[in-house]
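**Q** Sequence unavailable; structure follows:
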């Protein structure tokens, strides 16, 4: 005889594997942990060690207002850094821009980490709306570098490029 807990888990696993009929969702014995709705939508959350830090704020680019930063506060060579960009227009969050980020050397000439696309993260109770999730690995022997952010604003023909300087902790 199968114990009740194992049997319930087995039934849920089977329902998930084959899907539910008529659009119904299986019900588990234990409720899921509460999640922030925006984090649940993106599948992406940030802990205290991954604090959003704005390095440059309120940069005017035509009708848009841009802030540049990253998640986390102290970085070492080999760590991943997640750049962040907040864009608004007339006080409203802009969710349809295209934002890429890369790491370049401190003189801005050599690419150290290839460009990554970002994803728009809607506003939550903890963070403003911003573009992120384009993680970059900091080269191990780099004491100082630039995060280069390439932004295509909606309805604007020319891209804008912004750099923020970061030092690696020792």
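**A** Great, that's in hand. Here the structure is a predicted model, which means the values were calculated and not measured.
**Q** How about residue 141: what's its closest non-neighbour residue?
**A** residue 77 (6.1 Å; C-beta to C-beta, 6 or more residues apart in numbering). C-beta: built from backbone N, CA, C; applies to glycine.
**Q** Just list the residues touching that neighbour, thanks.
**A** 138-142, 168 (C-beta atoms under 8 Å, 6 or more residues apart in numbering).
**Q** Could you check how far residue 119 is from residue 134?
**A** 7 Å (C-beta to C-beta, to the nearest Å).
**Q** More neighbours: which of these two?
**A** More crowded of residue 119 and residue 134, by other C-beta atoms under 10 Å: residue 134, with 21 against 13.
**Q** Using the three-state scheme, assign the more buried one.
**A** Following DSSP: H, G, I helix; E, B strand; the rest coil, we place residue 134 in the coil state.
**Q** just checking, it touches residue 84?
**A** No. Applying C-beta atoms under 8 Å, one finds residue 134 not in contact with residue 84, separated by 9.2 Å.
**Q** Reformat the contacts of residue 77 as CSV; add secondary structure and distance to residue 126.
**A** Below are the contacts of residue 77 laid out as CSV (DSSP: H, G, I helix; E, B strand; the rest coil; distance: C-beta to C-beta, whole Å):
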residue, secondary structure, distance to residue 126
138, coil, 25
139, coil, 30
140, coil, 31
141, coil, 34
142, coil, 30
168, coil, 27
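**Q** Which positions within stretch 50-66 qualify as buried?
**A** 52, 54, 64-66 (16 or more other C-beta atoms under 10 Å).
**Q** of these, closest to residue 126?
**A** Relative to residue 126, the closest of those is residue 52; by C-beta to C-beta it sits at 8.3 Å.
**Q** Leaving aside the residues adjacent along the chain, what's closest to that closest one?
**A** residue 127 is the one closest to residue 52 (C-beta to C-beta, 6+ apart), at 5.3 Å.
**Q** these two touch, right, that neighbour and residue 53?
**A** No. Judged on C-beta under 8 Å, residue 127 makes no contact with residue 53 at a distance of 11.2 Å.
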